[in-house]
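Chemist: Take this sequence and fold it.
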Amino acid sequence: VGITTNGISLSRHVHDLVDAGLTGVNISLDTLSSDRFQEITRRKGLDKVMRAIGDSISAFQNRYGHVRTGPNGTGGSRVKINCVVMKNFNDDELVDFVN
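Modeler: Modelled structure (predicted):
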């Protein structure tokens with residue numbers, strides 16, 4: 001069972017969700033810049049989304065032992081980051097996302 005989320009409140013719930021059977025999470029994140037994040041979402045919260053990524057990986061590792069964080073990964077569950085690249089808006093961050 002997987003979910004797609006903006007990640008804002010995921011950290012508060014991810015351990016309970018994994019205990020209930022969650023095996024995958026897709027977190028939408030279109031920028032790594034706090035200012036751009038606020039411009040896109042009209043709210044602060046990049047720090048919450050970044051924490052949610054780490055908390056998701058941790059929750060899946062604790063429950064399943066392994067986490068796939070990329071297309072060639074192996075193991076139980078999957079944490080995926082969904083980024084929409086927009087020309088002249090966040091395309092300058094592409095390398096940062098890959099790293």
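Chemist: Please make it C-alpha for all contacts and neighbour counts, starting now.
Modeler: Noted.
Chemist: got a list of contacts for the helix ranked longest in the chain?
Modeler: In the chain, with assignment by DSSP state H, the single longest helix is helix 46-64. Residues external to helix 46-64 that are found in contact with it (CA atoms under 8 Å, 6 or more residues apart in numbering): 6-11, 14-15, 18-19, 23, 25, 27, 29, 32-34, 37-38, 66-67, 76-77, 79.
Chemist: Report the separation between residue 13 and residue 7.
Modeler: The gap separating residue 13 from residue 7 is 10 Å, by CA to CA, to the nearest Å.
Chemist: list residues touching both of these two?
Modeler: By CA under 8 Å, 6+ apart, no residue touches both residue 13 and residue 7.
Chemist: Which one of those two is surrounded by more residues?
Modeler: The neighbour comparison of residue 13 against residue 7 (other CA atoms under 10 Å) goes to residue 7, with 24 against 12.
Chemist: Just to check, the more buried one is in contact with residue 25?
Modeler: No - Residue 7 is not in contact with residue 25 according to CA atoms under 8 Å; the separation is 9.5 Å.
Chemist: Just list what the helix or strand of the chain with the lowest mean pLDDT packs against, helices and strands only.
Modeler: Using mean pLDDT, DSSP states H and E, the weakest-scoring helix or strand in the chain turns out to be strand 67-68, at a mean of 74. On a contact count with 3 or more CA pairs under 8 Å, 6 or more residues apart in numbering; DSSP states H and E, strand 67-68 meets helix 46-64, strand 77-82.
Chemist: what's the most buried one of those?
Modeler: Highest mean neighbour count among the helices and strands packed on strand 67-68 (mean count of other CA atoms under 10 Å): strand 77-82, with a mean of 20.
Chemist: which secondary structure elements does that strand contact?
Modeler: Partner elements for strand 77-82 (3+ CA pairs under 8 Å, 6+ apart): strand 24-28, helix 46-64, strand 67-68.
Chemist: Would you give the sheet partners of that strand, along with the direction of each?
Modeler: Strand 77-82 sits in its sheet next to strand 24-28 (parallel), strand 67-68 (parallel), going by DSSP bridges.
Chemist: what does the average pLDDT come to for the next helix or strand after it?
Modeler: Sequence order places helix 94-98 as the next helix or strand after strand 77-82, per DSSP states H and E. For helix 94-98, mean pLDDT is 89.
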